[in-house]
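Peer 1: dropping a prediction and its sequence here:
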Amino acid sequence: MELSSPMSDVEKKILHAGSEDIPLFREGSKITFHFQTYSLDENGEASEKIDDSKSIGRPMELILGMKFKMPVWENCLQTMKIGEVCAFSVKKSLVDAYPMVSKSYREFAGVSKGPKGHCCGMKAFAEGVGHKELDMLIKVPRDLQFILELLKVEHPGEYAKEAWSMEPDEKLQTVPKLKELGNQLYKKQQYEDAAKKYAEALGMLEQLLLREKPGDKEWLELEKVKIPILCNYAQCKLLQKDYYAVIEYTNTILEKDKNNVKALFRRAKAHVGTWDLDLARDDFNKVLELDPSFQSVIQKELSNVANLQKQKDDEIKSKLFGKGFRE
């Protein structure tokens, strides 16, 4: 059957019947579905498979009313019942955005091998998206067939919004909640889960920062919110012994707040972990200079650094002079 306008260039074929009624679709509804994509040959037959979300194991999600790049998918899905599987043959004029949609999905699903980063449609047409089969679609557009399986439809309030679907004000309100969740998980010693919450909050802040001009009041306020969350994230990474990540994150903090005692202490501990003992000693001494109340803690750390330095020196001497060397 051919679907009526605005989908006169779409042919639908039901492969598997779904539930009795078509669900209610409205603005803000979240649609979860699997999809397969095939290019169509000159006879309208499916040829090359381009994508298959079921084999990847990560369904596609979209939210109605969020200006999805390929409205034809929204229109197709709204003709389906839960559990229904349909093949939609679509003219190339309606799927020119598919390469970018596919690239975004692959990154979302964690299987992208192409270069990451945002690029506009015109730039993608000029440079490609980093996947051979998608770049070919850009150069030589073709009719496509989508096999869609509608899994579920959730309405606003029935699902937790993800960052990409939030308005800026919603992201700003969500950041402290994520930070608090991270703090609670940290107290339970669930460091990996805590780090994920901090990372989610930091991702939202980065998106908000992109909207502001560096140095402006709003930008500075967001940076101020970012620093303690990044410091907490660095602490989780320290406990996971991801020392170079800790150094990177604490460097970022100290570029903006050079006397941040927590960041200095965590960077010092990370330097110990990477055996950069001179740098560790410098950071520990800076902490003590800024906050003398840390004296007993810092003395223990400096004693440990001294022991490690002797161990390192002995190993170097042993290599230079052989096993027979003794002081």
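Peer 2: Yep, that arrived.
Peer 1: can we go C-alpha only for contacts and neighbour counts from here?
Peer 2: Noted.
Peer 1: what's the neighbour count on residue 272?
Peer 2: If you count neighbours by other Cα atoms under 10 Å, residue 272 ends up with 20.
Peer 1: thinking it is in contact with residue 305, fair?
Peer 2: Yes - at 7.2 Å, residue 272 counts as touching residue 305 under the criterion of Cα atoms under 8 Å.
Peer 1: what's the overlap in contacts for those two?
Peer 2: residue 280 (Cα atoms under 8 Å, 6 or more residues apart in numbering).
Peer 1: quick one: the strands in the protein, in order.
Peer 2: 10-16, 30-40, 46-52, 60-63, 85-90, 144-154 (DSSP state E).
Peer 1: quick one: which of these is nearest residue 186?
Peer 2: Evaluated over the strands of the chain, closeness to residue 186 peaks at strand 60-63, with 30.3 Å, by Cα to Cα.
Peer 1: can you tell me what sits against that closest one?
Peer 2: 27-35, 53, 68, 105, 165.
Peer 1: tell me the mean pLDDT for that strand?
Peer 2: Averaging pLDDT along strand 60-63 gives 92.
Peer 1: okay, now the sheet partners of that strand, with direction.
Peer 2: strand 30-40 (antiparallel) (DSSP bridges).
Peer 1: the bottom helix or strand of the chain by mean pLDDT?
Peer 2: Lowest on mean pLDDT, DSSP states H and E among the helices and strands of the chain sits helix 121-127, with a mean of 48.
Peer 1: quick one, longest helix in this structure?
Peer 2: helix 295-321 (DSSP state H).
Peer 1: okay, buried residues for that helix please.
Peer 2: Residues of helix 295-321 classed as buried: 298, 301, 302, 305, 309 (neighbour count, 16 or more other Cα atoms under 10 Å).
Peer 1: elements contacting it?
Peer 2: With contacts taken as 3 or more Cα pairs under 8 Å, 6 or more residues apart in numbering; DSSP states H and E, helix 295-321 sits against helix 277-290.
Peer 1: what helices or strands is the helix it packs on leaning on?
Peer 2: Using 3+ Cα pairs under 8 Å, 6+ apart, helix 277-290 sits against helix 261-273, helix 295-321.
Peer 1: and the contacts of that helix?
Peer 2: Under Cα under 8 Å, 6+ apart, the answer for helix 277-290 is 259, 261, 264-265, 267-272, 294-295, 298, 301-302, 305, 308-309.
Peer 1: can you give me the buried ones in that helix?
Peer 2: Neighbour-count burial for helix 277-290 [16+ other Cα under 10 Å]: 277, 279, 280, 281, 283, 284, 285, 286, 287, 288.
Peer 1: next: stretch 62-79.
Peer 2: Under 16+ other Cα under 10 Å, the buried positions of stretch 62-79 are 62, 63, 64, 72, 73, 74, 76, 77, 78.
Peer 1: how about the contacts made by the fifth one?
Peer 2: Contact criterion Cα under 8 Å, 6+ apart gives no residues in contact with residue 73.
Peer 1: nice, that's everything, thank you.
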